[in-house]
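*Asks:* Quick one: sequence and predicted model below, then my questions.
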Amino acid sequence: MGNPPELYHKILGIHKDTSPQEIRAAYKNLVKKWHPDKHPPSSKPEAEARFKAITEAYEALLDQQENRAVFGLCNDGRAGERSAGAFGGVGLGVGSRMERTRNDDFGIRSAPGTPAREFKKVYSSGNSGGRRTFAEFSSSIMRKAPPLERKLECTLEELCRGCKKEVKFNHDVVTKNGSIVKKEVTQVVLVKPGWKKGNKITFEGMGGERPGCLPADAIFTISEKKHPMFKRVGNDLVLKAEVPLASALTGWSFSFRLLSGKKVSCSFQDEIIYPGYEKVIKGEGMPIVEQKGARGDLKVKFEIVFPKELTDEQRNGLAEILEGCC
């Protein structure tokens, strides 16, 4: 049969010398894992494809064993008995015994007229189209169409408070006649407070279809829109404030609003604001996703604005006032 037997073994994850009992054990474990009824809608298409391939491979390998048993019985009764004994049956009853095993152990019906049987008939008849179909089908469980990737731009306010964003995008859909058409899809993304640039949201199987492949995923990556006042550094927020030299030396007050809308006032009456001075306001930064209720800090960094010109009188006055201060 050429390559397909190797594909059968690969699908079931077994080597070519595996016994019938081991084939059944491998099959039983895989159908429990990939039964479509045990998967949510998002992963159901993949489960159905894998489940179909697993069943196809299992039946093909058991039919192969069955053919060997019958062939052996025709040529040597004792050989046939040994082969049949491997399946717990005797003589020509091996086929029905195997069929009962499939039905009783796994609750799967695969009568001679089912699509699985007809598929193998087409393949075993030497039809090249049947072989090609099987190869395409088998390889489809091994690969997924490339994902559809998009950016989802959020403001710092949205990343701080959390929000609900509706995203619309077009993806490819394979019709019944095999043609590909574009279809618009709408999804809702729940942005959690504290999410960062680079966070990914994946919609499984929503990225589009391609013949012979599992549906692609749609992946949205959070991007951060530049803010006019604040800059995010990890979980902290940085605010740069310009203060005139005179105010930096004699006292200064200013107020601003946080991303949450809360108003904050800062007063510096007994402090000298020098170059590189930084004031840290604890717990007024971004929410920390991993720690419920925790937040980063707000760091106010000051830039002192020096005068560009001074009169002689001002220079002399400053020199007299500042003499001995340093």
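*Replies:* Received it, and whenever you're ready, just let me know what you need. Given the structure is predicted, the values throughout are model-derived calculations rather than measurements.

*Asks:* So what's the residue count around L318?
*Replies:* 14 (other C-beta atoms under 10 Å). Where you see a C-beta, it was placed from the backbone N, CA and C, and this is true even at glycine.

*Asks:* tell me which element the residue nearest the centre of the chain is part of?
*Replies:* By C-alpha atoms, centre = their mean, the chain has its centre lying nearest to T202, at 4.8 Å. In the assignment (DSSP states H and E), T202 maps to strand 200-208.

*Asks:* by contact count, what packs against that strand?
*Replies:* Where contact means 3 or more C-beta pairs under 8 Å, 6 or more residues apart in numbering; DSSP states H and E, strand 200-208 is packed against strand 148-154, strand 163-174, strand 180-191, strand 216-224.

*Asks:* Which of those has the highest mean neighbour count?
*Replies:* Ranked by mean neighbour count, those are led by strand 216-224 with a mean of 18 (mean count of other C-beta atoms under 10 Å).

*Asks:* partners of the helix or strand that comes right after that strand in the sheet?
*Replies:* Next in sequence after strand 216-224, counting helices and strands by DSSP H and E, comes strand 230-233. Paired with strand 230-233 in the same sheet, following DSSP bridges, are strand 236-244 (antiparallel).

*Asks:* C-terminal to the strand it pairs with, what's the next element?
*Replies:* Per DSSP H and E, the first helix or strand lying C-terminal to strand 236-244 is helix 245-250.

*Asks:* Just the CA trace of that following helix, in CSV.
*Replies:* Provided in CSV are the C-alpha atoms of helix 245-250 (Å, rounded to 0.1, in the frame of the first residue of the first chain):
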residue,chain,number,x,y,z
LEU,A,245,13.7,78.1,38.1
ALA,A,246,12.3,80.6,40.5
SER,A,247,9.4,78.2,41.5
ALA,A,248,11.9,75.4,41.9
LEU,A,249,13.8,77.4,44.4
THR,A,250,11.0,79.2,46.3
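
*Asks:* What average pLDDT does it get?
*Replies:* Mean pLDDT, computed over helix 245-250, is 88.

*Asks:* tell me which residues of that helix are tucked away?
*Replies:* S247, A248, L249 (16 or more other C-beta atoms under 10 Å).

*Asks:* wait, doesn't the last one sit right on I272?
*Replies:* If I follow you right, that is L249. Yes: contact criterion C-beta atoms under 8 Å: L249 and I272 qualify, at 6.3 Å.

*Asks:* returning to what we had before: buried sites along the strand holding T202?
*Replies:* Applying a neighbour-count criterion of 16+ other C-beta under 10 Å, one finds I201, F203, E204, G205, M206, G207, G208 buried in strand 200-208.

*Asks:* and for that strand, what are the contacting residues?
*Replies:* Contacts with strand 200-208, where a contact means C-beta atoms under 8 Å, 6 or more residues apart in numbering, come from 42-43, 45-46, 145-148, 152, 171-173, 185, 187, 189, 214-222.

*Asks:* For the closest residue to E284 other than its chain neighbours, give its distance to G234.
*Replies:* In this structure, E284 finds its nearest non-sequential neighbour in L298, 3.9 Å apart by C-beta to C-beta, 6 or more residues apart in numbering. L298 sits 13 Å away from G234, going by C-beta to C-beta, to the nearest Å.

*Asks:* More neighbours: those two, which one.
*Replies:* Between L298 and G234, counted using other C-beta under 10 Å, the more crowded position is L298 (22 against 11).

*Asks:* isn't the more buried one right next to D236, touching?
*Replies:* Yes: with contact defined as C-beta under 8 Å, L298 counts as touching D236 (7.1 Å).

*Asks:* what sits in contact with each of these two?
*Replies:* Common neighbours of L298 and D236 (C-beta under 8 Å, 6+ apart) are G285.

*Asks:* SS state for H9?
*Replies:* helix (DSSP: H, G, I helix; E, B strand; the rest coil).

*Asks:* Helix, strand or coil: sort out A319 for me.
*Replies:* Three-state call for A319 (three-state DSSP): helix.

*Asks:* okay, now it: neighbour count?
*Replies:* 9.

*Asks:* Which pLDDT value goes with it?
*Replies:* What the model reports as pLDDT for A319 is 85.

*Asks:* F256 too?
*Replies:* pLDDT, F256: 90.

*Asks:* show me the contacts for it.
*Replies:* M229, L239, K263, V264.

*Asks:* Compare those residues and tell me which has the most neighbours.
*Replies:* When neighbours are counted by other C-beta under 10 Å, L239 leads the contacts of F256 with 20 neighbours.

*Asks:* Name whatever forms a beta bridge with that residue.
*Replies:* With DSSP bridges as the rule, L239 is bridged to F230, V300.

*Asks:* pretty sure it is touching P228, no?
*Replies:* No: counting by C-beta under 8 Å, L239 does not reach P228; the two are 10.9 Å apart.
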